[in-house]
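Student: Predicted model and sequence below, questions to follow.
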Amino acid sequence: MSLQETLLIQLQENPLNWFLSGFLIYVIYSYLRPVPYSLPIARHTETTVFREYTPKQLREFDGRTLQTKIYMGVCGNVYDVTKGRNFYGPEGPYGNFAGRDASRGLAKNSFDMDVLTPIDQPLDTLEDLTRDEIESLNDWHGHFTGKYQLVGKLINDPDIS
């Protein structure tokens, strides 16, 4: 008796062999068929152009909506702190610093709005800070430099004298 005859007899005698034969054919087909490979769609991260910001221009980046970025001024630099929205967003503990020069508030470890320079006045020179306050501000500046993207420089509004 040949191999083909033996297989046909086995298929006729036991219906489970039909199932096993079909499964074997499926497995072989799965391994041999070409698998279409699709590349992931490349997404370019949003580009931010380094630029100068006046206090009024910086105010636009206060995170008032989820689509609004959050920028903060520290020691004359502007940082994108959007990824820290829980801290710097409108409901966060540092929310009053969003869209502002936060240097004096950070130096004094104060969240009071009266510590921050109004946006329609020249930038705070911070000349009256104590040594401890300057050290605190430098620590904060190091924190922002190491954690957040530098996106600009904070400058005085030319219309304000």
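Tutor: Sure thing, it's come through.
Student: Would you map the helices across this structure?
Tutor: Secondary structure of the chain by DSSP state H: the helices cover 3-13, 16-32, 55-58, 85-88, 103-108, 131-147.
Student: List the contacts of the closest residue to residue 99 other than its chain neighbours.
Tutor: Excluding the flanking residues, the one nearest residue 99 by C-beta to C-beta, 6 or more residues apart in numbering is residue 62, at 3.2 Å. C-beta here means a position set from N, CA and C on the backbone, and glycine is covered the same way. Counting by C-beta atoms under 8 Å, 6 or more residues apart in numbering, residue 62 touches 68, 70, 90, 98, 99, 100.
Student: give me the beta-bridge partners of residue 62?
Tutor: residue 70 (DSSP bridges).
Student: Now do it against residue 94, distance only.
Tutor: Using C-beta to C-beta, to the nearest Å, we find residue 62 at a distance of 12 Å from residue 94.
Student: For this structure, which helix or strand comes out least confident on mean pLDDT?
Tutor: helix 3-13 (a mean of 78; mean pLDDT, DSSP states H and E).
Student: Distance from the chain centre to that helix, please.
Tutor: Using C-alpha atoms, centre = their mean, to the nearest Å, the mean C-alpha position of helix 3-13 is found 65 Å from that of the whole chain.
Student: do stretch 7-21 as well
Tutor: The answer for stretch 7-21 is 60 Å, by C-alpha atoms, centre = their mean.
Student: End to end on that stretch, go ahead and measure it.
Tutor: Taking C-alpha to C-alpha, to the nearest Å, stretch 7-21 runs 10 Å from one end to the other.
Student: Please apply the same query to stretch 100-119.
Tutor: End to end - C-alpha to C-alpha - stretch 100-119 spans 8 Å.
Student: what does the average pLDDT come to for that stretch?
Tutor: The predicted model gives stretch 100-119 an average pLDDT of 93.
Student: could you check the angle helix 16-32 makes with the least confident helix or strand of the chain?
Tutor: 120 degrees (axes from the mean of the first three to the mean of the last three C-alpha atoms, to 10 degrees).
Student: what residue ranges in the chain score low on pLDDT?
Tutor: 161 (pLDDT under 70).
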